[in-house]
Every structure is written in structure tokens, then in C-alpha cells.
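Visitor: missing the sequence, but the structure's below:
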Ligand SMILES: NC(=O)c1ccc[n+]([C@@H]2O[C@H](COP(=O)([O-])OP(=O)(O)OC[C@H]3O[C@@H](n4cnc5c(N)ncnc54)[C@H](O)[C@@H]3O)[C@@H](O)[C@H]2O)c1
């Protein structure tokens with residue numbers, strides 16, 4: 001069987017990880033599309049990518065041998081691009097968040113079912129060595145039932161630029177609630193993606209005009225751009241199974257440092273997966289860990305699980321998994337049905353925060 005051929009749509013910061021992951025699994029990236037030709041050319045250079053296009057449509061027309069497309073654009077364009085690629089018979093890998101809301105995600109799910117093609121998202125944290133170590137304990141029954149969990153992505157100063165697409169609700173869908181869904185997704189993965197019941201949450205808009213809260217990465221500020229998204233949110237979700245989950249996400253909040261974790265409490269053991277960022281807030285200097293907390297023979301026991309270091313935070317491994325899944329060599333690490341549940345929870349967070357009332361999730 002010849003190598004799978006992939007086209008990338010959007011030559012932004014995440015394209016590097018997609019490219020590396022696809023290559024690691026034996027696929028070939030043959031084309032890139034971006035309305036910004038300079039960006040597309042600079043990404044293609046030195047990577048042997050010969051097809052440079054402005055739009056996905058042009059790419060599909062010019063490359064009939066394309067098997068899969070990866071979508072790495074601002075969030076507003078995920079749904080139309082994913083559906084266009086699926087309808088043209090391609091497997092699709094799409095960046096998080098899956099879409100702007102649950103209604104869009106439902107359309108994408110239907111399109112993938114109709115096309116009978118794989119649709120996978122970059123919930124890269126599931127592919128982290130720490131998350132894969134913990135899920136083994138859960139699947140082997142060592143944790144029991146997870147009653148409760150806490151999912152946090154707390155940035156002290158991590159606004160990804162002012163006035164660009166990230167801070168413009170019409171383009172991004174919102175601030176940290178929708179931009180940082182990783183720990184929410186990871187907690188749900190550990191909990192078995194139960195069906196949500198109710199949510200009560202709050203959102204805050206502080207510091208969104210204060211440059212001292214800008215992150216060390218992100219996109220350049222836009223002088224006359226829009227900044228109309230939340231800076232933090234806190235919520236509690238209950239599930240039809242009786243489980244519960246606390247969620248805390250922020251781009252800007254008075255906190256000791258950037259902290260990223262899922263903690264859970266099971267009937268046999270608890271556990272924690274964590275990434276602590278250094279004060280520079282970049283992946284390279286962060287410290288990852290995963291632990292299990294149990295009781296053995298009358299003693300409280302904490303187990304430190306040693307895993308390999310993955311600075312890419314699972315991004316390369318997750319992209320590899322997409323290719324291996326198409327080739328039937330692995331099970332997909334995430335499913336579009338789960339993405340729909342995630343988007344329903346995100347919708348409920350915004351609804352509860354604006355109405356200041358609990359929201360039933362259907
Ligand atoms: N998984 C992660 O850890 C992670 C981290 C950062 C960003 N992201 C996600 O990746 C996506 C892109 O973010 P980014 O930081 O790379 O943004 P970016 O602004 O750096 O790059 C986006 C690129 O998309 C291009 N683009 C815009 N509309 C397009 C279209 N219709 N067709 C083709 N290209 C188009 C832009 O010209 C730009 O080059 C977002 O959905 C974001 O949420 C994921």
C-alpha cells in the first residue's frame with residue numbers, strides 16, 4: 001500500500017506538529033493551503049511540499065490523489081472546511097475546538113457519517129504519555145468508578161494577543177472556555193465520556209484590556225481589532241451517571257503560575273495528570289507528572305508513574321494516531337460523538353454564565 005497523502009489547510013503555529021505526526025506514521029504531506037501565500041510558502045520550504053494553494057477547494061481540485069486533509073485555521077472556519085473535505089471524500093483531522101458550538105459539531109458528525117470517513121480532532125492531551133499511562137490503570141479496573149474530577153487550565157498571564165482572531169468572539173467562539181477545552185476533554189475521557197445532565201457556571205472578563213496579561217506566544221496584537229471574550233470561567237457539571245466535574249479555565253487570573261491538570265477521585269484509587277509551566281510559560285521548560293493515590297494494607301500510598309518526556313504535549317502522537325487509524329493499525333484516540341458532548345458542555349458554560357442559572361444539557 002502506498003503512503004497516505006495529506007493536505008494541510010492553515011500554515012499557522014500548529015502545522016509543524018501535524019506535519020511531524022503524519023510523517024512519523026508514514027504519511028506524506030503533499031500540499032498546503034493558506035490565503036496568506038507567504039506563510040504557505042515558508043511552511044512548505046524544506047519540507048518537500050510542492051502543492052501551494054490559497055483555498056481548500058483549489059487544493060482538492062489540483063490533487064485528486066489526496067487521502068486526508070488537516071484543518072488548522074481560526075475556529076470559525078473549522079465547520080465549513082471540515083464538511084467540504086468530508087464531502088469530497090477525504091478523511092479529516094481538525095484542530096480543537098471542534099467548532100464554534102454544538103449545532104455546528106452535529107452537522108460535522110452527520111457529514112462524517114454520510115461520507116464514511118474518519119473525523120478526528122486534535123485533543124492532543126489524550127496522546128500524552130502521562131494520560132496514556134493513567135488510562136491503563138482506569139481500563140484495568142485499578143481506579144474503580146470515578147465519582148468526581150477537577151479539570152483545570154489556569155493561565156496567570158496567557159491572553160493570546162489582543163484584537164486578533166483569538167479575542168474576537170465571532171471568529172473564535174470565545175475565550176478560554178472554548179480555547180482551552182483540553183483538560184475538560186481529558187477528564188471526560190478518564191470518566192468514560194458520561195452523558196452530562198446539569199451545569200452551573202460563571203465567567204469573568206477582567207484584565208482583557210491589560211497588556212501585562214499577554215501570553216509569551218500567540219498572534220500579534222491588532223490595533224483596531226476586537227477583544228470581546230471572557231478571561232476566565234468556573235463551572236460544575238453533573239452527569240446522568242451520578243458523576244461530577246469541576247472545570248476551571250483562564251487566560252488571565254491571579255494565580256501562582258500556569259497550571260494544567262486533571263485530578264480524579266475513584267472508588268478504588270484517585271489520580272492526577274499535571275503539567276506545571278515555568279514562569280516563561282513555554283512547553284520546553286514545563287514539568288509533566290502523573291500519579292495514582294491508593295490505600296494499601298492500612299497505609300496511604302502515592303505512586304509516581306515515570307513516563308517519557310513529550311514536549312509536544314501529545315500533539316505529534318495524536319496526529320500519528322490519525323494516520324495509523326486510517327490504516328487500521330490503531331484505534332482512533334477520539335471520536336466525533338465525544339466532540340459533540342464536549343461542545344454541548346461548552347455551550348452550557350456560556351449559557352449558564354450569561355443567564356446566571358443552572359442549565360440542563362440535552
Ligand atoms: N492543539 C493545540 O495545542 C493548539 C494550540 C494552538 C492553537 N490551536 C488551534 O489551531 C488552530 C489554528 O491556530 P493557530 O495558532 O495556528 O493560528 P494562526 O493564526 O497562527 O494560523 C492560522 C492560519 O490559518 C490561515 N487561514 C485562515 N483562514 C483560512 C482558510 N479559510 N483556509 C486556509 N487557511 C486559513 C491563516 O492565514 C493563518 O496562516 C485554531 O483552531 C486553534 O484553536 C491548537
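Guide: Yep, that arrived. Owing to the predicted nature of the structure, the values given are computational and were not obtained by experimental measurement. Numbers count the residues shown, from 1 in each chain.

Visitor: in the chain, where is pLDDT below threshold?
Guide: Filtered on pLDDT under 70, the chain yields the residue ranges 1-2, 279-281.

Visitor: quick check: whatever residue of the stretch 251-362 of the chain ends up closest to the ligand vs residue 71, distance?
Guide: Closest approach between the stretch 251-362 of the chain and the ligand, counting by CB to the nearest ligand atom: residue 315, at 5.9 Å. C-betas here are computed from N, CA, C, even on glycine. As for residue 315, its distance to residue 71 is 15 Å (criterion: CB to CB, to the nearest Å).

Visitor: residue 224 too?
Guide: Between residue 224 and residue 71 the distance, using CB to CB, works out to 28 Å.

Visitor: those two: which is more packed in?
Guide: Comparing residue 224 with residue 71 by other CB atoms under 10 Å, the one with more neighbours is residue 71, at 25 against 5.

Visitor: quick check: beta-bridge partners of the more buried one?
Guide: Going by DSSP bridges, residue 71 is paired in beta bridges with residue 9, residue 94.

Visitor: and it, what does it touch?
Guide: Residues near residue 71 by CB atoms under 8 Å, 6 or more residues apart in numbering: 9, 10, 77, 78, 81, 82, 85, 92, 93, 94, 95.

Visitor: just flag the most distant two among those residues.
Guide: Using CB to CB, the contacts of residue 71 reach their maximum pairwise distance at 77 and 93, which is 14.7 Å.

Visitor: between those two, which has more neighbouring residues?
Guide: Neighbours were counted for residue 77 and for residue 93 using other CB under 10 Å; residue 93 has more, 29 against 17.

Visitor: where's that one relative to the ligand, distance?
Guide: Here residue 93 is placed at a distance of 11 Å from the ligand (CB to the nearest ligand atom, to the nearest Å).

Visitor: doesn't residue 117 make contact with that residue?
Guide: No: counting by CB atoms under 8 Å, residue 93 does not reach residue 117; the two are 10.9 Å apart.

Visitor: which parts of the helix or strand encompassing residue 86 are buried?
Guide: Following DSSP states H and E, one finds residue 86 within helix 78-87. Buried positions in helix 78-87, judged by neighbour count with 16 or more other CB atoms under 10 Å: 78, 79, 80, 81, 82, 83, 84, 85, 86.

Visitor: which elements pack onto it?
Guide: Applying 3 or more CB pairs under 8 Å, 6 or more residues apart in numbering; DSSP states H and E, one finds that helix 78-87 makes contact with helix 56-62, strand 68-71, strand 91-94, helix 102-115.

Visitor: off-centre distance for the longest one?
Guide: Averaging C-alpha positions (CA atoms, centre = their mean, to the nearest Å) puts helix 102-115 18 Å from its chain's average.

Visitor: write out the residues of this protein neighbouring the ligand.
Guide: Counting by CB under 6 Å from any ligand atom, the chain comes close to the ligand at 9-14, 33-36, 39, 72-75, 77, 95-96, 122, 124, 179, 219, 315.

Visitor: which ones among these lie within helices?
Guide: Using DSSP state H, the members of the residues of the chain next to the ligand that fall within helices are 39, 179, 315.

Visitor: residues in contact with the second one?
Guide: What it means is residue 179. Contacts of residue 179 (CB under 8 Å, 6+ apart): 97, 160, 166, 172, 251.

Visitor: how about 10 Å then?
Guide: When contacts are counted by CB atoms under 10 Å, 6 or more residues apart in numbering, residue 179 is found next to 75, 96-97, 153, 158, 160, 166-167, 172-173, 229-230, 249, 251.

Visitor: dump those to CSV, plus neighbour count and secondary structure.
Guide: Shown next, in CSV, are those (neighbours: other CB atoms under 10 Å; DSSP: H, G, I helix; E, B strand; the rest coil):
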residue, neighbour count, secondary structure
75, 22, helix
96, 22, coil
97, 28, coil
153, 25, strand
158, 24, coil
160, 21, coil
166, 23, helix
167, 27, helix
172, 21, helix
173, 24, coil
229, 23, coil
230, 25, coil
249, 28, strand
251, 29, coil
